[in-house]
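1. Fold the following and give me the result.
(chains A and B, ligands or ions: 2)
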Amino acid sequence: MLELQRVSAHYGPIQALAEVDLVVRAGEIVTLIGANGAGKSTLMTTLFGTPRASSGRILLEGEDITALPPHRIARLGMALVPEGRRVFAKMSVYENLLLGATPLEGAHVEENLQRVFSLFPVLETRRTQRAGTLSGGEQQMLAIGRALMSEPRLLLLDEPSLGLAPLVIRTIFRTIVALNREHGLTILLVEQNARQALKIAHRGYVLQNGRIVLEGSGAALLADPQVRAAYLDAAS
Amino acid sequence: MTAAALPAPSPLALRLRDALVITVLGGLLALPFIGLVTVEEGGALAVRTRWGAWAMTLVAIFLGRLAFRAALDAWRSRKPSHKSAAFSSTDAVLRRAAGTSLLAVALLLPIFFADNRYVIDTATTLGIYVMLGWGLNVVVGLAGLLDLGYVAFYAVGAYTYALLSTQFGWSFWAALPVAGALAALFGILLGYPVLRLRGDYLAIVTLGFGEIIRIVLLNWTSFSGGPNGIGNIPRPSFFGLPFARSAEGRTFHEFFGLEFSPMHRFIFLYYLIVALALLTHALVSRLRVLPTGRAWEALREDEIACKALGLNTTTVKLSAFATGAMLAGFAGVFFAARQGFISPESFTFSESATILAIVVLGGMGSQLGVVLAAAVLVVLPEVGRQFADYRMLVFGAAMVTIMAVKPTGLLARREPTVRLNPSRSSAP
Ligand SMILES: Nc1ncnc2c1ncn2[C@@H]1O[C@H](COP(=O)(O)OP(=O)(O)O)[C@@H](O)[C@H]1O
Ligand SMILES: [Mg+2]
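-> Residues are numbered from 1 along each chain as shown, chains lettered A, B, ... in the order given. Ligands and ions are numbered 1, 2, ... in the order given. Next up, the predicted model:
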């Protein structure tokens, strides 16, 4: 579904990604874990062309998207839930969701809205409320709902558990699993919350200073002594 | 001695210190303005000092600041700010009622002041500023792009009509769309180089753009008449009927069998700007509920999120600049036709600043707020006329008061652009 071939990315002189190879197959949940500043968010945004990959190739369902402008990439069935949610704070929940439908240019809005509302009933009751006044968990649901409005086949989630209460995190993770199992969505999940992410993931990658240093099945990484030492024991 | 050992400064001490800082700043500013005067001495200018006046100014600033802070604190603690989370519907009803009554007042005004040229003229000026405010609101209020050179597009519209009508005999109505399109083109021209800029940088470049247009008009004498401007610009006619005592063809008053009155033209101009402003309002309101307008607002909120959602931020920005510029272009055509004479003097930075002040005071993005703010900014200086020298002082004080009391503008709360039908699942 998604394939990165030796992708590097830079912010000016700073190299944020170094020859990253990564594959996400249709139907999988793949998680990418790594410390703060490892380049996880950069990897996500590089897929959308900001910053652009300085070398390497990015293939989405076989199509080379490395040089496409961001707004074209978003039309190819890949949607991003950005780090820190980034909902449109002064606009209503409903308007936020409508903006999520941009890549479809107005098609299937009603159906997708109903799908999002059935996934997150709280959004329906809050639909005229300003997004900025929602709780953190609700904002995360809105950010996910907004991304789902474009009917993506591949959903990218950048630290959806960031700053949320444990109970809310559990709901979010359950939703992610449901999206994958019941709705057949392929998911690339970036998390610092490594234990929970690896538990639900089919496979995982460990990113360190912009390099993939380890990869394997979720269970294998959970059991890996290196991963345990670096990301699991310290975290919880 | 550690910081922790010190008692926390009392509110009074804080206020005194604040007042002192302001006094020092004010004193520095007042030094050239008040402390020094120029007098004529045998034909030459000499500089005199006025230490007494300066000292009194310092005292006034100090006491004024103390009183101001006290009043402000009292106001703020009296009214705890509880921003309502949801868009309340009573609010929307109130807005609608206010909008409708304002419209009624606007339409009926000439009936009550049919022979008061002063009122009609002031109201016409107000109409121009409302239209400009609504236009700039698209750029600043909705798309969140700070534009300090908005007056440039107003100038483009005005000069387009002035040149087309005086050189090629174009009519007002024929020139209107052309001027709008040309202004929009200039909007895109400005938009391109500033695509990557935001905030302060954008403001500086737009400021420069406004000045460039003005300076070109000032110096390209063969094209624009330079500082002499362009005169004898034809006034708009009533669908071909001129407002004159006598003319070759039929005149307005002959056609309608009325006694000739110069007021006819002023009232017609007034209704014309009301119509143009309403058209602007309709256009902007319509755009706001369409994906275009939603994209403008989303851009203001979060550019990165916009990109991830597949919005082409380039087109979104350019469309905002072009729409705002086009509306200013229309207003410019009206301005030129009304004045009959234009020169670069009318398109200085202070014009841009006034229009921006209208948008900011109105509460960024609020259409009704723009009308109220324009009324404050246009009518207040008129009322202040009796205070002659103190006019700008009153004006400034009013601005400061509004921003202190309502820092987010007169009507800060934006209306939702879409409402769902009341659904079964949620009770009101
Ligand atoms: N906009 C930016 N400009 C410059 N450097 C950046 C920018 N964003 C991230 N970086 C740098 O790139 C590296 C990777 O950051 P990021 O992708 O945000 O890591 P993570 O998401 O894993 O915490 C860090 O060193 C960070 O400082
Ligand atoms: Mg990150």
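2. Looking at chain A, which residue is nearest chain B?
-> A:Ala74 (2.8 Å; Cβ to the nearest Cβ). C-beta here means a position set from N, CA and C on the backbone, and glycine is covered the same way.
3. quick one, what contacts that residue?
-> Going by Cβ atoms under 8 Å, 6 or more residues apart in numbering or on different chains, A:Ala74 touches A:48, A:102-103, A:150, B:307-310.
4. Switch these over to TSV; also include pLDDT and distance to ligand 1.
-> As requested, those are exported to TSV (pLDDT from 0 to 100; distance: Cβ to the nearest ligand atom, whole Å):
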residue	pLDDT	distance to ligand 1
A:Phe48	91	13
A:Thr102	89	23
A:Pro103	88	24
A:Ser150	93	23
B:Lys307	88	13
B:Ala308	87	14
B:Leu309	91	19
B:Gly310	89	21
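5. In CSV, list the residues you listed along with secondary structure.
-> What follows is those, written out as CSV (DSSP: H, G, I helix; E, B strand; the rest coil):
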residue, secondary structure
A:Phe48, coil
A:Thr102, helix
A:Pro103, helix
A:Ser150, coil
B:Lys307, helix
B:Ala308, helix
B:Leu309, coil
B:Gly310, coil
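6. Ligand 2 next: which of these are close?
-> Among the contacts of A:Ala74, no residue is within reach of ligand 2 (Cβ under 5 Å from the ion).
7. Derive a PyMOL selection command for the buried subset of these.
-> To isolate the buried ones among the contacts of A:Ala74 in PyMOL, judged by 16 or more other Cβ atoms under 10 Å in any protein chain shown, type:
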select buried, (chain A and resi 48+102+103+150) or (chain B and resi 307+308+309+310)
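8. Out of the contacts of A:Ala74, the closest to B:Ala331 would be?
-> Using Cβ to Cβ, A:Thr102 comes nearest to B:Ala331 of those, at 31.6 Å.
9. what ranges do the helices span in chain A?
-> A:40-47, A:70-73, A:93-100, A:109-119, A:121-125, A:136-148, A:166-181, A:194-200, A:218-223, A:225-227 (DSSP state H).
10. Need the residues that contact the first one.
-> Contacts made with helix A:40-47 from outside it, assessed by Cβ under 8 Å, 6+ apart, are listed as A:2, A:4, A:7, A:9, A:11, A:16-17, A:20, A:22, A:32-34, A:51-53, A:58, A:65, A:73, A:78, A:80, A:82-83, A:156, A:158-159, A:188, A:190, A:207, A:210, B:304, B:308.
11. Tell me the buried residues within those.
-> The buried subset of the contacts of helix A:40-47 (16+ other Cβ under 10 Å) comprises A:2, A:4, A:7, A:9, A:16-17, A:20, A:22, A:32-34, A:52-53, A:58, A:65, A:73, A:78, A:80, A:82-83, A:156, A:158-159, A:188, A:190, A:207, A:210, B:304, B:308.
12. Grab the nearest non-local neighbour of the residue of the stretch 1-150 of chain B found nearest ligand 1.
-> With Cβ to the nearest ligand atom as the measure, B:Gly144 is the residue of the stretch 1-150 of chain B nearest to ligand 1, at 19.9 Å. Excluding its sequence neighbours, the residue lying closest to B:Gly144 (Cβ to Cβ, 6 or more residues apart in numbering or on different chains) is B:Arg300, at 2.8 Å.
13. residues contacting A:Tyr231?
-> Neighbours of A:Tyr231 in contact, by Cβ under 8 Å, 6+ apart: A:33-35, A:194, A:206.
14. Kindly recompute the last result at 7 Å.
-> A:33, A:194 (Cβ atoms under 7 Å, 6 or more residues apart in numbering or on different chains).
15. can you list the residues of chain A near chain B?
-> Neighbours of chain B within chain A, by Cβ under 7 Å from any Cβ of the partner chain: A:48, A:50, A:70-71, A:74-75, A:80, A:82, A:86, A:88-92, A:94-95, A:98-100, A:102-103, A:124-125, A:127-130, A:133, A:150.
16. ok, B:Leu164 - how many residues close by?
-> For B:Leu164, the count of nearby residues is 21 (other Cβ atoms under 10 Å in any protein chain shown).
17. measure it to A:Pro69 for me?
-> To A:Pro69, B:Leu164 is 39 Å away according to Cβ to Cβ, to the nearest Å.
18. repeat for B:Met131
-> Distance, B:Met131 to A:Pro69, by Cβ to Cβ: 35 Å.
19. Appreciated, that's everything.
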